[in-house]
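[1] give me a model of this one.
(one chain, ligands or ions: 3)
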Amino acid sequence: MVAFTSVAFAATTLLGVTAAAPKHIRSTGVVHRITAGSTALAANGLRFDPENIVAEIGDLIEFSFLPKNHTVVQSSFDKPCEPLASDNGVFSGFNFATAQGLSNNTFVFEVKTKEPFWYYCSQTVGNHCQMGMSGVVNQNFDGGKTLAKYKENSKGTVTVQPSADKLKSQIGEIKPRKEL
Ligand SMILES: *[C@@H]1O[C@H](CO)[C@@H](O)[C@H](O)[C@H]1NC(C)=O
Ligand SMILES: *[C@@H]1O[C@H](CO)[C@@H](O)[C@H](O)[C@H]1NC(C)=O
Ligand SMILES: [Cu+2]
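    Ligands and ions are numbered 1, 2, ... in the order given. Modelled structure (predicted):
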């Protein structure tokens, strides 16, 4: 095991793969569970819970969905309620509408960098993103780019969908939800 680890490390170094974007990520086995939609009346249900988490490379982020019809879309800090310009961000698709209780499926993706990962819900009926339905993984707690600021900047924006196909998910997997 020790020998294998050092060989793998040496190979990685030779290929010049940086720690920020490793080709093969070693899974940590840690799963962070986030609920899209909340039962807290104060936010009218339009929240991710928890909405600000710290995760390591190789951790999994698993979203479960409460009513109503939420999504997860990766975004930049600078353009709230819009997908990444590169078009290769995480998108769950509108695959988790539920009338009552948690949806049967979850959306799961792996943490690939320690850079802040911003995301929002792209449901336009009720303007979820503008109402504050957004979150972050690995916020930089030293700077001004806070989740509170992201939410403030969301007001007055127009939500953009990552794809014309509303069901198309990318950079993540739809998996059956397991009762804990
Ligand atoms: C969920 O919302 C999307 C976007 O507003 C809409 O196209 C879709 O029909 C909705 N699905 C359900 C089951 O309500
Ligand atoms: C979720 O699973 C339950 C139990 O298998 C089933 O009765 C229900 O119809 C499913 N809901 C949806 C929206 O598919
Ligand atoms: Cu939503």
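[2] C-alpha from now on. contacts and neighbour counts both.
    Will do.
[3] residues contacting T35?
    Shown in contact with T35 (CA atoms under 8 Å, 6 or more residues apart in numbering): 48-50, 63-66.
[4] quick one: secondary structure of the closest residue to Q161 other than its chain neighbours?
    Spatially, and ignoring its direct neighbours in sequence, Q161 is nearest to S122 (6.3 Å; CA to CA, 6 or more residues apart in numbering). Of the three states, S122 takes coil under DSSP: H, G, I helix; E, B strand; the rest coil.
[5] what pLDDT is listed against S122?
    Residue-level confidence at S122 comes out at 98, pLDDT.
[6] same question for Q130.
    For Q130, pLDDT reads 97.
[7] surely the residue nearest to Q161 meets N69?
    No - using CA atoms under 8 Å, S122 makes no contact with N69, being 9.6 Å away.
[8] who touches the residue of the chain found nearest ligand 3 in this structure?
    Using CA to the ion, H70 is the residue of the chain that sits closest to ligand 3, at 3.7 Å. For H70, the contact set (CA under 8 Å, 6+ apart) comprises 36-37, 94, 96-97, 121-123.
[9] what's the answer for P67, then?
    Going by CA under 8 Å, 6+ apart, P67 touches 37, 97-102.
[10] ok, and the most crowded of those residues?
    G37 (25 neighbours; other CA atoms under 10 Å).
[11] measure that one to ligand 1 for me?
    14 Å (CA to the nearest ligand atom, to the nearest Å).
[12] what's the closest non-adjacent residue to E51?
    Excluding the flanking residues, the one nearest E51 by CA to CA, 6+ apart is G135, at 4.6 Å.
[13] please disregard the earlier target; I meant R177.
    N105 (4.9 Å).
[14] which residues does that neighbour bridge with?
    Under DSSP bridges, the beta-bridge partners of N105 are P176.
[15] hang on, the earlier thing: neighbours of the residue nearest to Q161, how many?
    Neighbour tally, S122, other CA under 10 Å: 30.
[16] residue contacts, it?
    The contact partners of S122, taken as CA under 8 Å, 6+ apart, are 70-73, 81, 128-129, 159-161.
[17] look up how far G29 lies from the residue nearest the centre of the chain.
    Nearest to the mean C-alpha position of the chain, counting by CA atoms, centre = their mean, stands Y119 at 5.3 Å. Applying CA to CA, to the nearest Å, the value for Y119 to G29 is 22 Å.
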